[in-house]
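**Student:** This is the structure alone, sequence omitted:
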Ligand SMILES: Nc1ncnc2c1ncn2[C@@H]1O[C@H](COP(=O)(O)OS(=O)(=O)O)[C@@H](OP(=O)(O)O)[C@H]1O
Ligand SMILES: Nc1ncnc2c1ncn2[C@@H]1O[C@H](COP(=O)(O)OP(=O)(O)O)[C@@H](O)[C@H]1O
């Protein structure tokens, strides 16, 4: 990094967030394939969006169609996938957005590396803790069945590890309770940590 000097621009993250009436944050959903990451993050984004918040959802499947389409599922490729996503998320948070991400992100080291890019409180880890047996019975894309037959290698939970988070801010098991209750719990948490401007009302969320 020699000869490269950081350029501090006049408009900073605080100014961009203030213009949008929100405190920027990254909500990092982690969990097994089929645990409900995309569904939960998508429902939360919809609720926030409908109430005028400025959001963006980074989803593993989608990012792997473009930015990370050169990467597979070896541990090294997953590391690189999450390194890129972490850096992109940091830029988006810097732009003043409430950013949500839905990646398996199977190792503690990878998740902690992304966490370390942010100041305390701006990275919120949400462990979608739905048990493997439930994820496998859902199998919406038929990937578990293929993995069990050996047609997909390095499949998380079957032939590649998933390390359960030890320091997640929130844990949600989508095999229990319903989606709207889970989303309201997330909204209440965001309000408690003052991501959402307290002057705004979240209608219908009971908070
Ligand atoms: N081998 C293997 N292991 C796990 N997942 C696989 C694999 N091959 C393809 N898929 C599909 O890719 C989605 C996970 O991509 P991610 O970018 O979130 O993975 S990672 O964070 O880099 O581990 C994941 O999406 P979700 O089911 O939404 O989690 C799968 O649909
Ligand atoms: N909160 C939820 N409550 C009940 N079922 C859910 C919930 N979220 C997801 N599901 C079910 O699990 C399946 C996988 O969800 P998805 O969000 O695609 O998981 P992931 O993104 O973790 O792979 C969905 O097709 C749906 O049937």
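**Tutor:** Great, that's in hand. In this text, all values refer to a predicted model and were calculated from it rather than measured experimentally. Numbers count the residues shown, from 1 in each chain. Ligands and ions are numbered 1, 2, ... in the order given.
**Student:** quick one: which helix or strand includes residue 185?
**Tutor:** Secondary structure from DSSP states H and E places residue 185 in helix 179-192.
**Student:** Spell out whether that helix and ligand 2 are in contact.
**Tutor:** Yes - with Cβ under 6 Å from any ligand atom as the criterion, ligand 2 is reached by helix 179-192 at 179, 182. In this view, the C-beta of every residue, glycine as well, is placed from N, C-alpha and C.
**Student:** chain center to that helix, what's the gap?
**Tutor:** Its chain's C-alpha centre and that of helix 179-192 lie 15 Å apart, by Cα atoms, centre = their mean, to the nearest Å.
**Student:** Show me what that helix is packed against.
**Tutor:** Where contact means 3 or more Cβ pairs under 8 Å, 6 or more residues apart in numbering; DSSP states H and E, helix 179-192 is packed against strand 25-30, helix 37-50, strand 170-172.
**Student:** Name the stretch among those that sits most buried.
**Tutor:** Across the helices and strands packed on helix 179-192, averaging neighbours per residue (mean count of other Cβ atoms under 10 Å) puts strand 25-30 on top, at a mean of 27.
**Student:** quick one: that strand to helix 179-192, angle?
**Tutor:** When axes from the mean of the first three to the mean of the last three Cα atoms, to 10 degrees is applied, the directions of strand 25-30 and helix 179-192 differ by 140 degrees.
**Student:** near ligand 2, which residues of this structure show up?
**Tutor:** 31, 33-40, 102, 138, 140, 174, 179, 182.
**Student:** low-confidence ranges in the protein?
**Tutor:** Applying pLDDT under 70 to the chain flags residues 1, 197-207.
**Student:** Do a quick rundown of the strands in it.
**Tutor:** Along the chain, the stretches classed as strands by DSSP state E are 25-30, 55-59, 98-102, 123-128, 170-172.
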